[in-house]
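Novice: predicted coordinates and the sequence they were generated for:
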Amino acid sequence: AQTVTQSQPEMSVQEAETVTLSCTYDTSESDYYLFWYKQPPSRQMILVIRQEAYKQQNATENRFSVNFQKAAKSFSLKISDSQLGDAAMYFCAYRDMNYGGSQGNLIFGKGTKLSVKP
Amino acid sequence: AAGVIQSPRHLIKEKRETATLKCYPIPRHDTVYWYQQGPGQDPQFLISFYEKMQSDKGSIPDRFSAQQFSDYHSELNMSSLELGDSALYFCASRSRDRNEAFFGQGTRLTVV
């Protein structure tokens, strides 16, 4: 079974600095999707960034970028120029590609709580 | 842009009662997922539907059932509620030609 591990329960960063959140996963599949979701105090789950495993190029969305190392099964999130609004719980998630009738549900890590200091 | 709508946002029930949670997916999204997030926990997959048919089943208790209707909205029915059912219940929807799922704001269920 696929698993997702986030080894940093909590992280802290100074405003305007850069922080990297770690995520590793385990799967026997060669094609899959990886995501980072943000959950602020409102508890809304917000998609931050996604990566298709078949793409070698690391995904980037404005201040957010990933370092995807497929062989190492590592998928870290880098937040540049951190802002107070970035403070939230960040979940790394894995999804299989659709096989047969399966729609590929998300498997989440335990999350990393990010604090941003002014 | 339209988002996933869940109702109610908050629900308080007593033990052994029944609760029904509703989810209205983003228009033209053909897949719906239900997740349960306990306090301080990561979301756990319960069940999913594709084109109104049950697709996958996760850690959904036998006391829970769900269905997707002809208008694509979905309902999660929870019976014989227990204190441990208190959680945030998310619905997410996805279009088959897209990789990402979009989440509703969740229903916070409190069982007392």
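Specialist: Structure's in. What do you need? Residues are numbered from 1 along each chain as shown, chains lettered A, B, ... in the order given.
Novice: what residues does chain A put near chain B?
Specialist: Where chain A comes near chain B, counting by Cβ under 8 Å from any Cβ of the partner chain, the residues are A:33, A:35, A:37, A:42-47, A:50, A:52, A:91, A:95, A:98, A:101-111. The way it works is simple: take the backbone N, C-alpha and C, and place the C-beta from them, glycine included.
Novice: of these, keep whichever come out buried.
Specialist: A:33, A:35, A:37, A:44-45, A:47, A:50, A:91, A:95, A:103-111 (16 or more other Cβ atoms under 10 Å in any protein chain shown).
Novice: can you tell me the centre-most residue of chain B?
Specialist: With the centre of chain B defined as its mean C-alpha position, the nearest residue by Cα atoms, centre = their mean is B:W34, 3.5 Å away.
Novice: what pairs with the helix or strand hosting that residue, parallel or antiparallel?
Specialist: Following DSSP states H and E, the helix or strand that holds B:W34 is strand B:31-37. Strand B:31-37 has these partner strands in its sheet, going by DSSP bridges: strand B:44-50 (antiparallel), strand B:87-94 (antiparallel).
Novice: list the helices and strands the helix or strand following the shortest one packs on?
Specialist: Remark: after strand B:44-50, the chain's next helix or strand is strand B:53-57, criterion DSSP H and E. Here strand B:53-57 touches strand B:44-50, strand B:64-68, going by 3 or more Cβ pairs under 8 Å, 6 or more residues apart in numbering or on different chains; DSSP states H and E.
Novice: list the buried residues in the lowest-mean-pLDDT helix or strand in chain B.
Specialist: Lowest on mean pLDDT, DSSP states H and E among the helices and strands of chain B sits strand B:53-57, with a mean of 90. By neighbour count with 16+ other Cβ under 10 Å, strand B:53-57 contains the buried residues B:S55, B:D56.
Novice: who's in contact with stretch A:77-86?
Specialist: Contacts to stretch A:77-86, defined as Cβ atoms under 8 Å, 6 or more residues apart in numbering or on different chains, come from residues A:13-21, A:23, A:36, A:38, A:40, A:48-49, A:63-67, A:90, A:92, A:114, A:116, A:118.
Novice: can you do 10 Å?
Specialist: With contact meaning Cβ atoms under 10 Å, 6 or more residues apart in numbering or on different chains, stretch A:77-86 is reached by A:6, A:11-23, A:35-36, A:38, A:40, A:48-49, A:58-60, A:62-67, A:90, A:92, A:112, A:114-118.
Novice: quick one, which of those are buried?
Specialist: Judged by 16+ other Cβ under 10 Å, buried ones among the contacts of stretch A:77-86: A:6, A:11, A:13, A:19, A:21-23, A:35-36, A:38, A:48-49, A:59, A:64-67, A:90, A:92, A:112, A:114, A:116.
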